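K.L.:
Build me a structure from this.
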Amino acid sequence: MRCLNRPDAGFTLIELLIAIVIIGVIAGIALPRVAIGNIDKARAEACKANLKQLETALDAYFLIHGHYPAGQDNSLGTLEGIKAIPHCPLGAEPYVYTTQKENQDYELRCPHTEHGFKVSSTEEDFSQRD
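P.N.:
Here you go, the predicted structure:
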């Protein structure tokens, strides 16, 4: 005989809705944190790529003129062959550019020192690359 007091197997609509809400809250907290981390990594990689591009342009300038362009207030100013000097994607600030030894050495670095991205060159370094 069947027992008439036995409840039906399965979940009620309320139980399912509560489970869906809990999953939604957890996803709403976790997903933005993951996305922000990926965005920061992408910006850091773009910063490195910009520095590499500027390094190539500075080396080409050195080959043509025999010296690196003079830095203006710790910035690169304008550079032949590049329509616009890119800014750091980590904070939209210009890269810091300094020259030493009468424009024979340079250092170009990201303005956000916590990342430590930089390129530098000396006349000796340049001659050794060939």
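
K.L.:
just the helices in the chain please.
P.N.:
13-65, 123-129 (DSSP state H).

K.L.:
most neighbours per residue, which of these?
P.N.:
helix 13-65 (a mean of 12; mean count of other C-beta atoms under 10 Å). For glycine as for every other residue, the C-beta is placed from the backbone atoms N, C-alpha and C.

K.L.:
just checking, what packs against it?
P.N.:
With contacts taken as 3 or more C-beta pairs under 8 Å, 6 or more residues apart in numbering; DSSP states H and E, helix 13-65 sits against strand 105-109, strand 118-121, helix 123-129.

K.L.:
Could you dump the helices of the chain into a markdown table and include mean pLDDT and distance to E93?
P.N.:
Shown next, in a markdown table, are the helices of the chain (pLDDT from 0 to 100; distance: least, C-beta to C-beta, whole Å):
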| stretch | mean pLDDT | distance to E93 |
| --- | --- | --- |
| helix 13-65 | 86 | 11 |
| helix 123-129 | 45 | 26 |
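
K.L.:
nearest to A84, of those?
P.N.:
Between A84 and the helices of the chain, the tightest spacing by C-beta to C-beta is seen for helix 13-65, at 11.3 Å.
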